[in-house]
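S.K.: Provided below are the primary sequence and the corresponding predicted coordinates.
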Amino acid sequence: MTSTTTRPDPPVRIIDAGPAALDAHRALNADHDTGPGYPEQGLKELFEAQAARRPDATALVHRDTALTYRRLDGLADALAARLWAAGVRPGATVTVLMERSVELVVALLAAVKCGAAYLPADPGWPDRRLADLLDLAGSAHVLVRADAAAATAARLPGRAVLPVERADLAAHPAPAPPHRGSPEEIAYVNFTSGSTGTPKGVPVRHRGVVHLVHDARYARLDEDAVLLQLAPVSFDAATFELWGALLHGGTVVLYPSAFVRLGELGRVLERHGVTVLFLTTALFNTVVDEAPRVLAGLRTVLTGGEAHSLTHMAAALRHYGTEKVVSVYGPTECTTFSTFHPVRELPPEETSLPIGRPIQHTRAYVVAEGKLCAPGETGEVLIAGPGLSPGYLGLPEATARQFVEVEIDGVRERVYRTGDRAHLSPRGHLVFQGRLDHQVKVNGFRIELGEVAHHLDAHPAVRRSFVTTRPHRQGGQELVAFVVPEGPEVDARAVRADLARELPAYLVPSVLRLCAELPLTATGKVDRAALLARAEESGGAAAPTGPAPTGPAPTGPAPTGPAPTGPAPTGPAPTGSAPTGSAPTGSAPTGSAPTGTVRP
């Protein structure tokens, strides 16, 4: 795996603070080190401890198949032995290129048992993007289901493609490799959108995953917990769904379909007695609107990924009371969730729902111009704690910019600069206020508008482009691109189709419109309002609102990181249906004032 280090001793930034700001932040972070702490062990040891403690308990369910901890552990041991024989060693990165299945979970466990990191990848990614991400992660070994081995070897020449078949592993048991895990090892790699057009690889340590799910304050996670694995495995939400159950002796239920249909979702939740569920904001709103009874039997519903609608939260309080719904927030760089807010009432003093207080073992700060902010003052959110990634793969400058050493209240620690704006409410909760940059969230996916513009501007038919977002008629935001073509014969549909062959579906604009020029404001900036007004007047788009045909059928929307377990439609899901991964938990909601990016 490529190094992320920048310098051995980064400079420490002293954060000043007045008495009001210090008191508010001490209260915000008062609970971060209370409780029993978390185990100083890796995922391998903690999972194997549960397999030894509860060998006959159900660990994994997919459709009509149920695996005990003993059987799941045995299959993972057998595959880990094969990976070891193929040359995989601690520190390697193993790509897992599968859709949701028993084999996928076995593959993730097998990589961890070798001391390797797993890179969850989507079989629907365009070939070039897939190869580029594997290169960035330094991944030489790819695990696929047996029926996809030949096609994958053709897609990824020069890499070791290993087929995974449950029956074959069961018929050839083998002990796990002689590796003892460490909490400092890298557990997995996710990718986030990059403003230069190149995604950023985010490695996450075992320690980060353990701290996320151990002694959780946002949900009850124990041996009786049943979690539905609904997000694409390349989303960081899948980290919570899988390890939140497997590290406690609980049960993971894999959602059986590529897309969520509300009737099927209700049947799955009821049949398997699911207790904890994560939904993206968009999918949560759809359920509350169309089928609120689907969530009635759950103990806890976590939701996040975009700014919450107070209207939908008011309806949720009417349907479910005050003990079920929890709003969660967190960047991929901080291991899935960083803050949480139990929704017990609507905030009388705010126009948006708070993102709350830090989860266990985590600290949060609001800083502006080198000073801690007092309640009501707006600043950037900084996150500290064991969930922080070591940095971006092969990007020392970006790592040094986003991960910094600070001294706050006499304590030195490493923090992640989220780029999210927030303030502390009078009640001591963090309240999100938007972004500091051109990053947006669309359907919960964290997107750098510059990455989309970069690929558009590289197209031979495009002279100049402007990419922004606009409200979608069904709620949330959608990507819109305006293109000044190189000539009169340019076809918007063809440009969009070409873009879809280069990018995962969540980065392909729902609307791509040709225009003779990009109008400017009096200050010389692109007039975003004028462009959006033109699009509305003309009925929307010169390109289709669904995805351009490319590759296999969609299997779910893409994550904030790499992308989902299949390209997702860029237009709205059919009524009563929504993509399974409709939510990464990536960074914070985009807020109500989307930005745009233009490249000269």
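M.R.: All right, it came through fine. Everything numeric here is computed off the predicted structure, so don't read it as measured data. Numbers count the residues shown, from 1 in each chain.
S.K.: C-alpha only now, for contacts and for neighbours.
M.R.: OK.
S.K.: how far away is Arg299 from Glu223?
M.R.: Going from Arg299 to Glu223 by CA to CA, to the nearest Å gives 14 Å.
S.K.: meant to ask about Ala110
M.R.: 22 Å.
S.K.: okay, the helix or strand harbouring Phe47 in CSV with CA atoms only?
M.R.: Per DSSP states H and E: Phe47 is located in helix 43-53. Coordinates of each C-alpha in helix 43-53 appear next as CSV, following Å, rounded to 0.1, in the frame of the first residue of the first chain:
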residue,chain,number,x,y,z
LEU,A,43,-10.8,-7.5,13.6
LYS,A,44,-9.4,-11.0,13.1
GLU,A,45,-9.0,-11.7,16.9
LEU,A,46,-12.3,-10.1,17.8
PHE,A,47,-14.3,-12.0,15.2
GLU,A,48,-12.6,-15.3,16.1
ALA,A,49,-13.4,-14.7,19.8
GLN,A,50,-17.1,-14.5,18.9
ALA,A,51,-16.8,-17.6,16.7
ALA,A,52,-15.3,-19.4,19.7
ARG,A,53,-17.8,-18.0,22.2
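S.K.: only the buried residues of that helix, if you could.
M.R.: Residues of helix 43-53 classed as buried by neighbour count (16 or more other CA atoms under 10 Å): 43-48, 50-51.
S.K.: quick one: which of these is nearest Arg129?
M.R.: Leu43 (29.2 Å; CA to CA).
S.K.: wouldn't Arg513 be in contact with Val490 here?
M.R.: No - Arg513 is not in contact with Val490 according to CA atoms under 8 Å; the separation is 11.1 Å.
S.K.: out of the two, which sits in the busier spot?
M.R.: Each of Arg513 and Val490 has its neighbours counted (other CA atoms under 10 Å); Arg513 has more, 25 against 15.
S.K.: about what we covered before: so which of the buried residues of helix 43-53 comes closest to His472?
M.R.: Using CA to CA, the buried residues of helix 43-53 come closest to His472 at Leu43, 40.5 Å.
S.K.: any idea how far the spatially closest residue to the closest one that is not a sequence neighbour is from Arg82?
M.R.: Nearest non-adjacent residue to Leu43, counting by CA to CA, 6 or more residues apart in numbering: His206, 6.1 Å away. Applying CA to CA, the value for His206 to Arg82 is 22 Å.
S.K.: so where's the protein uncertain?
M.R.: Scanning the chain for pLDDT under 70 picks out the ranges 1-12, 33-36, 195-197, 444, 473-475, 522-525, 538-600.
S.K.: how about 80 then?
M.R.: Within the chain, the stretches with pLDDT under 80 are 1-12, 14, 32-37, 193-198, 348-351, 437-441, 443-446, 472-476, 520-525, 536-600.
S.K.: need the longest helix for it.
M.R.: Using DSSP state H, we find that the single longest helix of the chain is helix 69-85.
S.K.: hmm, who's touching that helix?
M.R.: With CA atoms under 8 Å, 6 or more residues apart in numbering as the test, helix 69-85 has contacts from 48, 50-52, 54-60, 106-107, 109-111, 113-114, 164, 166, 169-170, 172-177.
S.K.: can you select the buried ones among the residues you listed for me in ChimeraX?
M.R.: Only the buried entries of these go into this ChimeraX selection, using 16+ other CA under 10 Å:
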select :48,50,51,54,55,57,58,59,60,106,107,109,110,111,113,114,164,166,169,170,174,176,177
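S.K.: just the contacts of helix 69-85: which are in strands?
M.R.: With strands taken from DSSP state E, the overlap with the contacts of helix 69-85 comprises 58-60, 164.
S.K.: identify, from the residues you listed, the entry nearest to Pro90.
M.R.: Checking those against Pro90 with CA to CA, the nearest one is Val164 at 20.4 Å.
S.K.: give the contact list for that closest one.
M.R.: The contact partners of Val164, taken as CA under 8 Å, 6+ apart, are 79, 103, 107, 143-146.
S.K.: what's the burial count for the residue lying closest to it once chain neighbours are set aside?
M.R.: Among residues not flanking Val164 along the chain, Arg145 sits closest, at 4.9 Å (CA to CA, 6+ apart). When counting by other CA under 10 Å, one arrives at 21 neighbours for Arg145.
S.K.: returning to that earlier point: list the contacts of the following helix or strand past the longest helix of the chain.
M.R.: Heading C-terminal from helix 69-85, the first helix or strand you meet, by DSSP H and E, is strand 93-97. Residues from elsewhere that reach strand 93-97, judged by CA under 8 Å, 6+ apart: 1, 88, 104, 107-108, 111, 116-123, 134, 137-144, 188.
S.K.: which one's more surrounded, His206 and Arg82?
M.R.: In this view His206 and Arg82 are compared by other CA under 10 Å, and His206 has more residues nearby, 27 against 19.
S.K.: for the more buried one, give me phi and psi.
M.R.: For His206, the backbone dihedrals (degrees, to the nearest 10) come out as phi -50, psi -40.
S.K.: the one 3 residues further on too?
M.R.: The phi/psi pair for Val209 (degrees, to the nearest 10) reads phi -70, psi -40.
S.K.: you'd agree it is up against Leu388?
M.R.: No - using CA under 8 Å, Val209 is not in contact with Leu388; the gap is 10.1 Å.
S.K.: now the common contact residues for those two.
M.R.: Residues touching both Val209 and Leu388 (CA under 8 Å, 6+ apart) are Thr335.
S.K.: confirm Glu413 sits in a strand?
M.R.: Yes - the assignment for Glu413 is a strand, going by DSSP: H, G, I helix; E, B strand; the rest coil.
S.K.: OK, contacts around it?
M.R.: Taking CA under 8 Å, 6+ apart, we find Glu413 in contact with 384, 405-407.
S.K.: how much space separates it from Val112?
M.R.: For Glu413, the distance to Val112 - CA to CA - is 28 Å.
S.K.: what's the span of stretch 164-174, first residue to last?
M.R.: 14 Å.
S.K.: chain center to it: distance?
M.R.: Centroid separation for stretch 164-174 versus its chain: 31 Å, with CA atoms, centre = their mean, to the nearest Å.
S.K.: give me the outermost residue of the chain relative to its centroid.
M.R.: With distances taken from the mean C-alpha point of the chain and given as CA atoms, centre = their mean, the most distant residue is Pro488, at 40.0 Å.
S.K.: so what's that one up against?
M.R.: Contacts for Pro488 (CA under 8 Å, 6+ apart) come out as none.
S.K.: tell me the SS of it?
M.R.: Here Pro488 is coil, with the state taken from three-state DSSP.
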